[in-house]
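Colleague: Have a look; sequence and predicted model below, questions after that.
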Amino acid sequence: MTRHRYRCDRCKRTWPPVATREEADQQRARHRALTHGGTVPDGDDIWLMEDRPIEGAGLSRPARRMLIGLGIGGTAMAAWNWIASHR
Ligand SMILES: [Zn+2]
């Protein structure tokens, strides 16, 4: 899903993201009319925001690193046990 947010660089303000380009266009038109007397302010723009799926299913980076560490440690122990039992 993509969201749109209008930003006016002159006013250093960013509007809350909206679902459609049309809504963002309306916000832009309203703001230009009300605040800038119908003129086009410098650097006003509509930004696209991509909603990305959260990486690692909600695990923080250190938690993932710990799980990877446990996995490597577990593999090493299993290998050690295999070697010990096959001597
Ligand atoms: Zn403005």
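Modeller: Everything's here; your move. Numbering: from 1, shown residues only.

Colleague: use CA for all of it now, contacts and neighbours both
Modeller: OK.

Colleague: So for residue 9, what's the pLDDT?
Modeller: In the prediction, the pLDDT value recorded for residue 9 is 95.

Colleague: Contact partners for it?
Modeller: With CA atoms under 8 Å, 6 or more residues apart in numbering as the criterion, the residues that contact residue 9 are 41, 42, 43, 44.

Colleague: how distant is the host helix or strand of residue 31 from the center of its chain?
Modeller: With the criterion set as DSSP states H and E, the secondary-structure element containing residue 31 is helix 21-36. Taking CA atoms, centre = their mean, to the nearest Å, one finds the center of helix 21-36 at 25 Å from the center of the full chain.

Colleague: Tell me what angle the helix or strand that it is followed by forms with helix 21-36.
Modeller: Per DSSP H and E, the first helix or strand lying C-terminal to helix 21-36 is strand 44-50. For strand 44-50 against helix 21-36, the angle by axes from the mean of the first three to the mean of the last three CA atoms, to 10 degrees is 150 degrees.

Colleague: Quick check: next helix or strand after strand 44-50?
Modeller: Assignment by DSSP H and E places the next element after strand 44-50 at helix 61-85.

Colleague: What is that next one packed up against?
Modeller: Helices and strands in packing contact with helix 61-85 are not found; criterion 3 or more CA pairs under 8 Å, 6 or more residues apart in numbering; DSSP states H and E.
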